[in-house]
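Peer 1: Fold the following for me, if possible:
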Amino acid sequence: MRKLLSILLVSVCGLGVTLAQTALDQLSYVNIQIAGDTLSNGKHDPAKYIYTAAVGAFYAFNGTLFVDFPLVIQGPSSTWIYNQATPPVFLQGTATGTTMLDLFNLRAGGSITIKNIMLSAANSNNYAMNEFINNAAGDTIIVDNCVLCEHDNAIKVTAAAKKVSITNCLFINGIRYRFNTSGGMPIRIDGACPDILLENNTSVNMTRELGNGGDFFKSNLKELHYTYVNMQTNAHEIHWYNALQANNIFYNWSWRGRKPVTNGYESQFWTWETFANVKSRLDSLSLYHGRNLFYLDPKILAYFNSTDSVTQCSVFNLEVDSTIRADNNFKIGKNYNQLNPRFISPPNNVDSMIAWNKGWWSTPQPTTAPLWNIQRVITFNASLDPVLHWPPQFNLTYTNDTLMKAGTDGLPLGDLNWFPAKKTIYLANRATYIAALQDSVAHATYVYVPGDSASFWVTNFTTGVDSKGSGIVKQFSLGNSYPNPFNPSTTIEFGLPEQSKVTLSVFNILGQKVLELRTDYAAGNQSYNFDASKLSSGVYIYSMNATGVSGKNFVQSKKMILLK
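Peer 2: Purely as a prediction, here's the structure:
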């Protein structure tokens with residue numbers, strides 16, 4: 001085994017010892033190398049806690065590394081990893097079989113910090129991978145500026161941990177290649193964890209997003225400026241005593257949909273209301289959720305509208321109303337609905353997602369599930385050598401001016417790594433921004449009003465805020481689009497006095513239909529952001545046909561002008 005000890009000595013806080021950095025050897029399995037640095041007393045060599053990886057290098061595991069010491073693995077560059085041409089890659093090696101393995105399993109006394117590297121579950125033998133990091137009995141997990149791809153659950157907290165911090169990371173293809181909606185998430189919390197930070201991350205193509213397998217109710221969460229794209233089913237199945245969830249993007253959220261006959265598990269995006277009838281818990285609970293974007297691709301909405309058997313998921317179960325009424329420290333802020341970010345280069349796999357959906361809901365299911373992953377980051381050539389495909393086939397920088405200043409902090413929604421100048425502003429003022437969010441638990445003004453589902457959404461996109469509640473709408477109405485003339489998008493507002501089935505249509509001057517959107521809306525003031533970036537300049541007619549639950553029908557059309 002070849003090891004090069006760097007001459008750079010670093011001091012690790014809390015260890016009381018000066019450590020050398022140890023360069024990992026590509027020609028030896030990582031787990032064997034690191035486990036080999038164990039002293040005769042059975043303890044890991046305290047002079048070898050920090051391991052480094054080289055640019056463009058591939059490192060393999062052939063089994064699980066059990067960690068009972070403060071392990072650090074880091075790549076050479078702190079540049080955002082999306083912009084690194086050839087980051088170091090860690091993957092499962094040539095082992096075969098079906099036993100599920102972790103890469104790192106934290107035991108008592110163990111913690112892990114990984115920075116500036118890529119982890120992939122891709123394997124030349126399709127070997128079964130479990131988690132990259134599984135906290136079985138450890139202390140702390142810190143993951144910063146990493147790529148985690150082709151995974152099941154990337155990070156799992158099986159037992160209690162003091163801290164989980166995930167920042168500036170990219171999660172790609174966290175999916176299962178069959179008809180299954182379990183697993184496939186960036187992080188799963190199955191043990192009490194008082195300190196969880198999820199900040200400035202991007203996840204693309206997840207079966208689920210953030211899960212919890214039990215009633216722990218001990219988590220203090222900060223989930224800020226996260227961009228989620230293409231999440232298949234229920235996302236936030238977790239319970240907090242304190243949470244700040246703000247300024248995130250949920251693009252193609254819960255696109256699997258649900259059967260309209262049930263409103264149970266996995267049919268809501270959030271499951272806050274689980275503890276609504278436990279007053280002793282509500283006394284200690286505080287949460288602010290707001291200024292997030294919820295967006296579904298028109299093709300997905302059209303799929304839901306094309307069948308009576310599958311419908312769009314709800315954001316939350318309205319039993320959450322009793323939670324809000326029971327505790328003033330529970331605030332659901334206003335959020336943005338159906339504003340297209342207009343990503344520079346989205347993943348563009350919606351058609352394969354819909355094909356999977358049709359198979360999932362069909363009876364019987366096909367024997368083979370359509371693949372809906374985007375290009376794998378790691379593949380293998382004929383010689384079974386790993387091949388890196390980087391950067392990935394998406395760029396989530398976006399051009400929607402409203403969303404560029406829509407955050408509680410006046411900054412763009414989602415992962416600020418896509419907007420480096422804005423991230424610099426955020427980091428310089430982070431403490432102030434978070435203090436303001438914490439203050440919103442008690443003093444938020446623009447919030448959801450229990451019983452008024454329309455008040456969950458921001459409707460005044462010009463100022464980014466809305467009046468308290470949506471008010472009572474007494475009659476159907478179709479408002480003037482704004483701006484008008486517009487380029488390339490405009491907002492169409494309409495009022496509904498009762499829950500209604502609404503069809504919005506847009507026609508060009510020749511009478512050709514360029515848009516048809518059919519969906520159910522709650523009573524109140526509603527809006528739709530019309531994106532005409534692929535259309536030519538000219539006069540367009542937009543029309544609304546609404547039928548309320550009482551049977552009342554309303555039809556009206558108006559004119560708008562696209563100027564490019």
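Peer 1: Who does the residue lying closest to residue 333 once chain neighbours are set aside form a beta bridge with?
Peer 2: Computed as CB to CB, 6 or more residues apart in numbering, the closest residue to residue 333 that is not its neighbour in sequence is residue 290, at 1.9 Å. Heads up, the C-betas are built off the backbone N, CA and C, glycines and all. Beta-bridge pairing of residue 290 under DSSP bridges involves residue 246.
Peer 1: Count residues in the vicinity of residue 290, would you?
Peer 2: Close neighbours of residue 290, defined as other CB atoms under 10 Å, add up to 24.
Peer 1: In this structure it contacts residue 246, no?
Peer 2: Yes: counting by CB atoms under 8 Å, residue 290 touches residue 246, with 5.6 Å between them.
Peer 1: Name the helix or strand of this protein that has the lowest mean pLDDT.
Peer 2: Scoring the helices and strands of the chain by mean pLDDT, DSSP states H and E places strand 4-11 at the bottom, with a mean of 31.
Peer 1: Let me know the secondary structure of the residue nearest to the spatial centre of the chain.
Peer 2: The residue lying closest to the centre of the chain (CA atoms, centre = their mean) is residue 228, at 2.9 Å. Following DSSP: H, G, I helix; E, B strand; the rest coil, residue 228 is assigned to strand.
Peer 1: What's the separation between it and residue 425?
Peer 2: 23 Å (CB to CB, to the nearest Å).
Peer 1: What of residue 168?
Peer 2: Residue 168 is 16 Å from residue 425, by CB to CB.
Peer 1: What residues sit buried inside the helix or strand hosting residue 492?
Peer 2: Using DSSP states H and E, residue 492 sits in strand 489-496. Along strand 489-496, these residues count as buried under the neighbour rule (16 or more other CB atoms under 10 Å): 489-496.
Peer 1: Closest to residue 388 out of these?
Peer 2: Proximity of the buried residues of strand 489-496 to residue 388 was ranked by CB to CB; the top entry is residue 489 with 36.6 Å.
Peer 1: Nearest spatial neighbour of the closest one, chain-adjacent residues omitted?
Peer 2: residue 531 (4.8 Å).
Peer 1: Low-confidence stretches in the stretch 351-500 of the chain?
Peer 2: 460-472 (pLDDT under 70).
Peer 1: What ranges does it have for its helices?
Peer 2: Using DSSP state H, counting those that start in this stretch, the helices of the stretch 351-500 of the chain run over residues 420-428, 430-443.
Peer 1: Got the domain ranges for this structure?
Peer 2: 1-145, 176-344+352-372+397-471, 472-562 (automatic domain parsing).
Peer 1: out of those domains, which comes closest to residue 381?
Peer 2: domain 1-145 (9.4 Å).
Peer 1: Residue 246 and residue 408 touch, don't they?
Peer 2: Yes: Residue 246 is within contact range of residue 408, at 5.3 Å (criterion: CB under 8 Å).
Peer 1: Between these two, which contacts overlap?
Peer 2: Residues touching both residue 246 and residue 408 (CB atoms under 8 Å, 6 or more residues apart in numbering) are 290-291, 333, 437.
Peer 1: Looking at residue 168 and residue 425, which has the bigger crowd around it?
Peer 2: Per other CB under 10 Å, whichever of residue 168 and residue 425 has more neighbours is residue 168, with 22 against 15.
Peer 1: Torsion angles phi and psi at that one?
Peer 2: With angles defined as degrees, to the nearest 10, residue 168 sits at phi 60, psi 30.
Peer 1: Skipping its backbone neighbours, what lies nearest it in space?
Peer 2: residue 145 (4.5 Å).
Peer 1: Can you list the low-confidence ranges for the stretch 201-350 of the chain?
Peer 2: 212-217, 235, 237-240, 261-265, 272-285.
Peer 1: okay, now residue 429: neighbour count?
Peer 2: Neighbours around residue 429, by other CB under 10 Å: 14.
Peer 1: I'd like the distance between it and residue 248.
Peer 2: 18 Å.
Peer 1: before we move on, the earlier item: any idea how far residue 118 is from the residue nearest to residue 168?
Peer 2: 10 Å.
Peer 1: what is in contact with those two at once?
Peer 2: residue 81.
Peer 1: which stretches of the stretch 201-350 of the chain form strands?
Peer 2: In the stretch 201-350 of the chain, strands defined by DSSP state E, counting those that start in this stretch lie at 202-206, 210-212, 219-224, 227-231, 236-237, 240-246, 249-251, 268-270, 286-290, 293-295, 314-316, 330-332, 336-337, 343-345, listed in chain order.
Peer 1: Throw the domains of the chain into CSV and include distance to residue 384, thanks.
Peer 2: Converted to CSV, the domains of the chain look like this (distance: least, CB to CB, whole Å):
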stretch, distance to residue 384
domain 1-145, 4
domain 176-344+352-372+397-471, 19
domain 472-562, 43
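Peer 1: quick one, which of those domains is nearest to residue 379?
Peer 2: Using CB to CB, the nearest of the domains of the chain to residue 379 is domain 1-145, at 6.9 Å.
Peer 1: Report the distance from stretch 161-175 to the chain centre.
Peer 2: On the basis of CA atoms, centre = their mean, to the nearest Å, stretch 161-175 sits 10 Å off its chain's mean C-alpha point.
Peer 1: for it, which positions count as buried?
Peer 2: 161, 164-175.
Peer 1: cool, stretch 181-200 as well?
Peer 2: 183-191, 193-194, 196, 198-200.
Peer 1: so which pair among these is furthest apart in space?
Peer 2: Maximum distance among the buried residues of stretch 181-200 (CB to CB): 26.0 Å, for 184 and 194.
Peer 1: right, and residue 88 touches residue 53 too?
Peer 2: Yes: in this structure, residue 88 is within contact of residue 53 by CB under 8 Å, at 3.6 Å.
Peer 1: Mind listing the shared neighbours of those two?
Peer 2: 59, 75-76, 117.
Peer 1: Filter those down to the buried ones, PyMOL style.
Peer 2: Buried residues within the shared contacts of residue 88 and residue 53, by 16+ other CB under 10 Å, are selected in PyMOL with:
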select buried, resi 59+75+117
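Peer 1: between the shared contacts of residue 88 and residue 53, which is closest to residue 109?
Peer 2: residue 117 (23.1 Å).
Peer 1: how close does the nearest residue to that closest one once chain neighbours are set aside get to residue 393?
Peer 2: In space, and not counting its chain neighbours, residue 117 is closest to residue 75: 4.4 Å by CB to CB, 6+ apart. Per CB to CB, residue 75 is found 22 Å from residue 393.
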